[in-house]
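A.B. asks: Predicted model follows, preceded by the sequence.
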Amino acid sequence: METMRRFGRSFGRALRVRRSVLLFVLALVGVSAPAWAGPVLSEDVSKLGAPDTVAVQKAIEHLRDTGDPKALEVLTAFEDGNLRIDAEGNAYIKSASGMKPVLDSAPAAPQGKLETPAVDNTVRRALSPALAALKLTSPNKTVRLAAAQELSKRPSEEVEGTLRKALAAEKDPEVKQFVTLAVGQLDITSKDAAKRASGVKAIADSGDVSFQTDIERLTTDPDPAVRDAANSALGSIKTKVVLINTTGHIFYGISLGSVLLLASLGLAITFGLMRIINMAHGEMLMLGAYTTFSVQNFFVKNLPASKDLYLLAAIPAAFLVTFLVGVLLERTVIRFLYGRSLETLLATWGISLILIQTVRMLYGAQNVAVENPAYLSGGFTLVQGVVLTYSRLAVIFFSVAVMTFAWFVMNKTKLGLEVRAVIANREMAASVGIATRRVDMYTFGIGSGIAGLGGVALSQLGNVGPELGQGYIVDSFMVVVLGGVGKLAGTVAGAFGLGIVNKLLEPAAGAVLGKIVILGFIILFVQKRPQGIFAPKGRAAEVM
C-alpha cells in the first residue's frame, strides 16, 4: 500500500509539471500566433474565389478581423482585380513585375491555372467596410489618414461601426479630425436629435464649407437644439465662404494684374518717351505667345526628351522677335509720325490688323494650345476652395522679374539714362549730344520686347489666338493713364490695382458691368488728377 501511495504522489507531481509546461507552451503559442497565422490567412484568401457569395463575405470578415497588413494588401488587390488564386489555393497578386505570392510559404510560381475572384455588388458591400476597418487600424499614420480623408468624402452606413471604433481609438489629431467629420455626416441624418446636434457641431468644427446645404436644411429641424446648432454653424460657414472667395479673388486679381503689368509696362515706356498711341502694342503680346507656341513645337519635334525646357528657350526668343518687330515698325512707319497723334493712332491700328492677318495666314484662324511644362502643371491648396496653380504663381514671379529688368535698364544703364533725359526734355538732350532718334528706336524695341514677354506669360494661362492682344490693349492704356505716363511705379500700382478690383467686382456686377464701373472710376479720377497716381515730370508733364 505504501508503495502505491508513493507512486500516486509521484504521478500527480508529474501531471502538474506537465500541465505547467503545457500552459507555458500554450501561452507562447498565443503570443506568437500572428507569426504562424499564415495557414489561416491562406485559407481565407483561397475562399475569396469561392462561387458562394456568403462564403466570400465570411472570408472578407475573417480577413478584416485579423488586422494583418497582409490582409489589407490582399483585399486591396481583390478590389482592384489584381488577385489571382492557383489550383492549389495559393494567392498571388498581379503586379508590373509579375505574380507575387501573398505568403512567403507559397510557391514562387503559381501551380496550375490561375483564377480571378469576381467582385459583384454584394461582395463589394462587404469589401468596402472591411478595407476601411483595416486601413483605419493600420499602424501607419499615412494609411490611416488617407482612409479617413476618403471616408470623410463619402461615408456610408456600412462603415459607421468601423468609424465609431476608430474615433474612440484614434490618438492622432489630424486623422481624428477627418474621422470626426465622417461620423458627423452620418449623425446629421440620424433619427436621434442628440446625434444630429452632435453631427452639426462636428461639421462646424471641421470648417468644411461644402456642407453648407446640409446645414441649411437642418435650420428647419423640429428639435430646437438642432436648429440652434445649425444656425450657429451656418453663420460660421458663411463667414468662411466669404473669406475663401475673397482670398481667391485677390489671388486671381494679382494674377490678372501681373498680366496687365507685362502688357502695359512697355507701353508706359514708349508712350512716356515718344507720346505714341501705339494700337499695335497688343499684337506684340500675340507675337510673343505665338513665338512660344513655335518654340514648343520645335522642342516636341526635335528635342522630345527635353520638351519641358521649351519655356526657358521661349523667353529670350519671344523678346528678340518682338524687339526686332518693334524696331522695324519704328524705323519704317512711326519715326515719320512723331507729333501727329491721330495719324499715329490710325497707322498703328492698321499695323495691328496687318499683324493679325499675317498670323492667321501662318498659323490659321483657330486658337492653338501651348501646354504647360510638367513643373508648372498642378498647384497646391492654400485653403479649402482656393487652389494656387503653379502656372499663375509663375506668371506673378515672372512679372516681378520683368519689372526688375525694366527698372534696371531704366535706372542703371546708359540707355536708361538717355531715355530719362529724353523724357525730361528732348531738345536739351539732343543739344548735349544724345542721339534721340536712336534712343527712340531702342526704347520702342524694348517696349515691344517686354510686351512679347507678356505673351509668353499669357500662353501659360490659356489658348493662343490671332486676336489675343485685342483684349488687353484698352486695359493697358487704362493702366498707363491711371498710374502716370512714363512712371514705372505708377504702372505697377495701376496694373495690380485694376486687376484686383476687377476680380472683386466680377462676382457681384459681372465682367462687363465691372469693367464699366472701373472705366467710370478712371474717368472721374483723371478729372481730379490728370497726371495719374504718380505725376510725370519734364516734357510729358508739359504736354499734359
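C.D. replies: Great, that's in hand.
A.B. asks: Using the record's assignment, carve the protein into domains.
C.D. replies: As given by automatic domain parsing, the domain ranges for the chain are 32-136, 139-222, 244-543.
A.B. asks: Tell me which of these lies nearest to Ser232.
C.D. replies: domain 139-222 (7.0 Å; Cβ to Cβ). C-beta: built from backbone N, CA, C; applies to glycine.
A.B. asks: now the domains of the chain in CSV, with mean pLDDT?
C.D. replies: Formatted as CSV, those follow (pLDDT from 0 to 100):
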stretch, mean pLDDT
domain 32-136, 75
domain 139-222, 82
domain 244-543, 83
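A.B. asks: Quick check: end-to-end length of stretch 464-478?
C.D. replies: End-to-end distance of stretch 464-478: 23 Å, with Cα to Cα, to the nearest Å as the criterion.
A.B. asks: one step back: save the domains of the chain as CSV, and put in distance to Lys238 and mean neighbour count too.
C.D. replies: CSV is the format used below for the domains of the chain (distance: least, Cβ to Cβ, whole Å; neighbours: other Cβ atoms under 10 Å):
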stretch, distance to Lys238, mean neighbour count
domain 32-136, 32, 17
domain 139-222, 7, 17
domain 244-543, 11, 19
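A.B. asks: who wins for proximity to Ile237 among the ones you listed?
C.D. replies: The nearest among these, by Cβ to Cβ, is domain 139-222 at 5.1 Å.
A.B. asks: next one: phi and psi at the most centrally placed residue in the chain?
C.D. replies: Residue closest to the average C-alpha location in the chain (Cα atoms, centre = their mean): Gly379, at 2.6 Å. Backbone geometry at Gly379, expressed as degrees, to the nearest 10, gives phi 180, psi -170.
A.B. asks: Quick check: bridge partners of it?
C.D. replies: When assigned by DSSP bridges, Gly379 has beta-bridge partners Thr389.
A.B. asks: Am I right that Ser306 is in contact with Phe299?
C.D. replies: Yes - in this structure, Ser306 is within contact of Phe299 by Cβ atoms under 8 Å, at 6.4 Å.
A.B. asks: Need the domains of the chain in JSON lines (columns: distance to Ile237).
C.D. replies: Below are the domains of the chain laid out as JSON lines (distance: least, Cβ to Cβ, whole Å):
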{"stretch": "domain 32-136", "distance to Ile237": "27"}
{"stretch": "domain 139-222", "distance to Ile237": "5"}
{"stretch": "domain 244-543", "distance to Ile237": "10"}
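A.B. asks: Out of those domains, which gets nearest to Asn231?
C.D. replies: Here domain 139-222 is closest among these (Cβ to Cβ), at 5.6 Å.
A.B. asks: check contacts around the closest residue to Trp407 other than its chain neighbours.
C.D. replies: Excluding its sequence neighbours, the residue lying closest to Trp407 (Cβ to Cβ, 6 or more residues apart in numbering) is Leu488, at 6.1 Å. By Cβ atoms under 8 Å, 6 or more residues apart in numbering, Leu488 lies in contact with Leu265, Ala268, Ile269, Met403, Ala406, Trp407, Met410.
A.B. asks: swap in Glu506?
C.D. replies: Per Cβ under 8 Å, 6+ apart, neighbours of Glu506: His249, Gly514.
A.B. asks: where exactly do the strands run in the chain?
C.D. replies: Here the chain has its strands, by DSSP state E, at 83-85, 91-95, 98-101, 379-383, 386-389.
A.B. asks: contacts for the second one?
C.D. replies: Translated: strand 91-95. 42, 45-46, 48, 73-74, 77, 82-86, 99-103, 106, 110, 114.
A.B. asks: can you check the shortest one too?
C.D. replies: Contacts of strand 83-85 with the rest of the structure, by Cβ under 8 Å, 6+ apart, involve 45-46, 48-49, 74, 77, 91-94, 99, 110, 114-117.
A.B. asks: Can you tell me which of the residues you listed lies closest to Leu134?
C.D. replies: Taking Cβ to Cβ as the measure, Leu134 sits nearest to Val74 out of the contacts of strand 83-85, at 9.7 Å.
A.B. asks: can you tell me how far that closest one sits from Ile450?
C.D. replies: From Val74 across to Ile450, the span is 61 Å (Cβ to Cβ, to the nearest Å).
A.B. asks: Likewise for Leu468?
C.D. replies: Relative to Ile450, Leu468 is positioned 16 Å away (Cβ to Cβ).
A.B. asks: Check His249 too.
C.D. replies: Counting by Cβ to Cβ, the gap from His249 to Ile450 is 27 Å.
A.B. asks: go on, Arg164?
C.D. replies: Distance from Arg164 to Ile450, by Cβ to Cβ: 62 Å.
A.B. asks: what does Asp221 give?
C.D. replies: Applying Cβ to Cβ to Asp221 and Ile450 gives a distance of 60 Å.
A.B. asks: What of Gln212?
C.D. replies: The value you get for Gln212 to Ile450, if Cβ to Cβ is used, is 45 Å.
A.B. asks: I would like the residues contacting stretch 386-403, please.
C.D. replies: Counting by Cβ under 8 Å, 6+ apart, 244, 247-248, 251-252, 254-255, 258-259, 261-262, 265, 372, 375-382, 450, 453-454, 456-457, 460-461, 488, 492 sit against stretch 386-403.
A.B. asks: hang on, the earlier thing: could you dump the contacts of Leu488 to CSV with distance to Asp68?
C.D. replies: Below are the contacts of Leu488 laid out as CSV (distance: Cβ to Cβ, whole Å):
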residue, distance to Asp68
Leu265, 64
Ala268, 69
Ile269, 70
Met403, 60
Ala406, 64
Trp407, 64
Met410, 70
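A.B. asks: Show me which of these is closest to Pro129.
C.D. replies: Nearest member of the contacts of Leu488 to Pro129, counting by Cβ to Cβ, is Met403, at 56.6 Å.
A.B. asks: list the contacts for Lys165?
C.D. replies: Lys165 makes contact with Ala133, Leu136 under the criterion Cβ under 8 Å, 6+ apart.
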